[in-house]
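Asks: Turn this into a structure:
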Amino acid sequence: MSVRKLQERRGWAFSVAVGIIKPTLLATTTRDWRHGERIPASGGFVLALNHISHADPLTAAHIVYDHGRLPRYLAKSGLFSNALLGRFMHARGQIPVEREGKGAVAYAAAVEAVRRGECVVVYPEGSITRDPDGWPMTGKSGAARIALETGCPVLPVGQWGAQRLLPPYSKKLHLLPRTRITMSVGEPVDLQDLRARELTPDVVHEAADRILAAITAQLEEVRGERAPAERYDMRVLGDLYGKYGRGTRALEQEEKDAQEQDAQEQDAQEQDAQEQDAQQGTRNRRESA
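Replies: Just a heads-up that it's a prediction; the model follows:
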């Protein structure tokens, strides 16, 4: 179901991807696109979504394509290491992101893509959420920096359902029954006042927070529920999937438990010493008698 005709030239890589992926999604999912008309028909912009599954890029591409645009993603550089897949990814205009040391290169490529009038899809959380109930967790600043640098609109999207199609960090697809994918596109995030200010860390943090708040508001609409007042923070609460450490609270609790264990062991040693002294005193009195 195309809501708006594609105005951009697809190229061979997108043509191959659409020919394979779209029929697969049509066969395995049902779609509930809400406020998709807010996706610009032309011009550069950032589409910012919550991250709940490795299937997210496919479902995001579906709503973007149905509204006449081609998505560009910030993708892990490891996907480009395979010669065939790398050629395909480059041909589709995807942007490789190095986990360490070269983020500025990807950021510059994303900024340039927006300035060329393209749609750049960003997951501000950086990885699949670790919140136990699937709400957005604390995020990164990429979408905010691109928006502040270019002045482009940032459209927040709350999406739900992809985690049932492909559960987080699982390789098992649930193809039947068909999964309902719901996406709600919000109005552009208001960053105008921040664009007039110097690009300091505080300004970037405020922009990133507004984007995540707007995504969360759309997700609340989709789920018909209220999100937690405080976002899940892996640095504090740890990683449920064990990929990025345990978090400061877990480490603090481990240190506290270790201290309590040491204290208990010391108390036990002191009690043993007192009992031994008492027994020795009893023996000494018997010998004296």
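
Asks: Would you mind extracting the C-alpha trace of the helix or strand hosting Trp33 into PDB?
Replies: Secondary structure assignment for Trp33, by DSSP states H and E: strand 29-34. Presented in PDB, the C-alpha positions along strand 29-34 are these (Å, rounded to 0.1, in the frame of the first residue of the first chain):
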ATOM      1  CA  THR A  29       2.800  -8.300   9.000                       C
ATOM      2  CA  THR A  30      -0.200  -6.100   9.000                       C
ATOM      3  CA  ARG A  31       0.400  -2.300   9.100                       C
ATOM      4  CA  ASP A  32      -1.100   0.500  11.100                       C
ATOM      5  CA  TRP A  33       0.600   3.700   9.900                       C
ATOM      6  CA  ARG A  34      -0.600   6.700  11.900                       C
END
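
Asks: and that strand, which strands flank it?
Replies: In the sheet containing strand 29-34, its partner strands are strand 179-185 (parallel), by DSSP bridges.

Asks: buried ones in the partner strand?
Replies: Neighbour counts over strand 179-185 (16 or more other Cβ atoms under 10 Å) mark Thr179, Ile181, Thr182, Met183, Ser184, Val185 as buried. Where you see a C-beta, it was placed from the backbone N, CA and C, and this is true even at glycine.

Asks: Spell out the secondary structure type for Tyr73.
Replies: Following DSSP: H, G, I helix; E, B strand; the rest coil, Tyr73 is assigned to strand.

Asks: could I get the buried residues of strand 179-185 as a markdown table with distance to Leu148?
Replies: Putting the buried residues of strand 179-185 into a markdown table (distance: Cβ to Cβ, whole Å) gives the following:
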| residue | distance to Leu148 |
| --- | --- |
| Thr179 | 36 |
| Ile181 | 31 |
| Thr182 | 30 |
| Met183 | 25 |
| Ser184 | 24 |
| Val185 | 21 |
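
Asks: Let's have those in a markdown table, adding pLDDT.
Replies: Output for the buried residues of strand 179-185, formatted as a markdown table (pLDDT from 0 to 100):
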| residue | pLDDT |
| --- | --- |
| Thr179 | 96 |
| Ile181 | 97 |
| Thr182 | 98 |
| Met183 | 97 |
| Ser184 | 98 |
| Val185 | 98 |
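
Asks: of the residues you listed, closest to Pro228?
Replies: Pro228 lies nearest to Ser184 out of the buried residues of strand 179-185, by Cβ to Cβ, at 19.0 Å.

Asks: now that closest one, which residues is it bridged with?
Replies: Note on Ser184: beta-bridge partners Arg34, Gly158, judged by DSSP bridges.

Asks: how about it, what does it touch?
Replies: Arg34, His35, Val157, Gly158, Gln159, Gln218, Leu219, Glu221, Val222 (Cβ atoms under 8 Å, 6 or more residues apart in numbering).

Asks: Find the pair from those residues with maximum spatial separation.
Replies: Most distant of those, by Cβ to Cβ, are His35 and Leu219, 13.3 Å apart.

Asks: okay, the two: which has more neighbours?
Replies: Leu219 (26 against 15; other Cβ atoms under 10 Å).

Asks: How about the secondary structure of the more buried one?
Replies: helix.

Asks: and it, what does it touch?
Replies: Per Cβ under 8 Å, 6+ apart, neighbours of Leu219: Asn50, Trp135, Pro136, Gly158, Gln159, Trp160, Ser184, Ala227.

Asks: how much space between the closest residue to Pro124 other than its chain neighbours and Pro71?
Replies: Residue nearest to Pro124 in three dimensions, not counting chain neighbours: Gly139, with 3.8 Å by Cβ to Cβ, 6 or more residues apart in numbering. To Pro71, Gly139 is 19 Å away according to Cβ to Cβ, to the nearest Å.

Asks: Between the two, which is the more surrounded one?
Replies: Gly139 (24 against 20).
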